[in-house]
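1. Fold the following, please.
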Amino acid sequence: MPKMKTHRGAAKRFSKTKSGRIKRAKAYKSHILTKKSSKRKRNLRKTGYISRKEADNIAQLIPYK
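-> Numbering: from 1, shown residues only. Take a look at the predicted model:
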């Protein structure tokens, strides 16, 4: 049986924690930042996590991470 291939797009967006949860970056932080408040931009820097329901699908895309 050959090795599974990692989905490279998913590998750049998600990473696994030691406990097995999947981290992601928050959206809406790339452009049009002048109208967003400092508090909102600061909160967008924080880590987001994938919901438990979606985690199984994402975990299949990044099997070796």
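
2. CA atoms for contacts and neighbours, from now on please.
-> OK.

3. Ala27 contacts Leu44, correct?
-> Yes - using Cα atoms under 8 Å, Ala27 makes contact with Leu44 at a distance of 7.3 Å.

4. Which residue of these two possesses the greater neighbour count?
-> A direct count of neighbours by other Cα atoms under 10 Å for Ala27 and Leu44 places Leu44 higher, at 15 against 9.

5. out of everything not next to it in sequence, what's closest to that one?
-> Nearest in space to Leu44, with sequence neighbours left out and distances taken as Cα to Cα, 6 or more residues apart in numbering, is Lys26 at 5.6 Å.

6. For Thr6, see how far away that neighbour is.
-> 22 Å (Cα to Cα, to the nearest Å).

7. now for the longest helix belonging to the chain, which elements pack on it?
-> If you go by DSSP state H, the chain has its longest helix at helix 52-61. Packing contacts for helix 52-61, counted by 3 or more Cα pairs under 8 Å, 6 or more residues apart in numbering; DSSP states H and E, involve helix 8-13.
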